[in-house]
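Participant: All I have is the shape, not the residue letters:
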Ligand code: PXP
């Protein structure tokens, strides 16, 4: 089986903690439990406004990932501050995302084509430092071509609109979005870029995304952390893992 990796985004454990301040629930503990439950890596987004993950969380998460021999995917905006933190932290991967203060979550893909110099400079620094740069982009051939041009080793396709279309049962939109994703995935793969996907994925949407054979990794956060409230993190991860494996067989 062409196994697909599952990365858990622990941002929203920190969201709940920060709603009260203090130390609980602890994203580091969530990462440890998730790694024991078999996830292949941990993602955390250090936002400019530190609304969920804090600087100390990133250090603690890196230590937990190192202890398990698993990758930390450090999600970040393309700013001097974040590039410096990433170069100092040396995570396995740095996922470059657009960031706007007003947004509730990362609402769109990074405009690599429109900011080719600044994104290219960050990717070049990460390539030199041995950190795998991953560009969080829309399923758009222009963005894939720009990612290839600046030698990004990985792209992560934003699946938010696709998952929303599935939930809205808007067949036409869903089919359009899914065709766009399939074409972009195929193009990235042809250009030698490793393909990941993430955003808005749940038990209903994972089967058709995980089925795309070129997709090597899914990064899932909000749904799994929410589901863990009801069934526990291990059970939520286990069910997602089973659905991902079933999609590949
Ligand atoms: N991948 C990236 C790059 C993201 O920005 C996010 C959201 O923070 C995710 C994956 C996970 O999305 P969700 O929380 O909707 O599962």
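Facilitator: Received the coordinates, thanks. Since we're looking at a predicted model, the values are computed, not measured. Residues are numbered from 1 along each chain as shown.

Participant: which residues sit in contact with residue 94?
Facilitator: 73, 74, 75, 76, 86, 122, 126, 131, 132, 133, 134 (CB atoms under 8 Å, 6 or more residues apart in numbering). Just so you know, the C-beta spots here come from the backbone N, C-alpha and C atoms, and that holds for glycine as well.

Participant: now those residues in a markdown table, with distance to the ligand and neighbour count?
Facilitator: A markdown table is the format used below for the contacts of residue 94 (distance: CB to the nearest ligand atom, whole Å; neighbours: other CB atoms under 10 Å):
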| residue | distance to the ligand | neighbour count |
| --- | --- | --- |
| 73 | 8 | 27 |
| 74 | 11 | 27 |
| 75 | 5 | 29 |
| 76 | 10 | 24 |
| 86 | 14 | 25 |
| 122 | 15 | 26 |
| 126 | 15 | 23 |
| 131 | 15 | 20 |
| 132 | 14 | 17 |
| 133 | 12 | 24 |
| 134 | 8 | 30 |
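
Participant: Reformat these as TSV; add pLDDT and secondary structure.
Facilitator: TSV is the format used below for those (pLDDT from 0 to 100; DSSP: H, G, I helix; E, B strand; the rest coil):
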residue	pLDDT	secondary structure
73	98	strand
74	98	strand
75	98	strand
76	98	strand
86	98	helix
122	98	helix
126	98	helix
131	98	coil
132	98	strand
133	98	strand
134	98	strand
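
Participant: of all the residues you listed, which two lie farthest apart?
Facilitator: 73 and 122 (15.3 Å; CB to CB).

Participant: Show me the shaky parts of this structure.
Facilitator: Applying pLDDT under 70 to the chain picks out residues 1, 101, 170.
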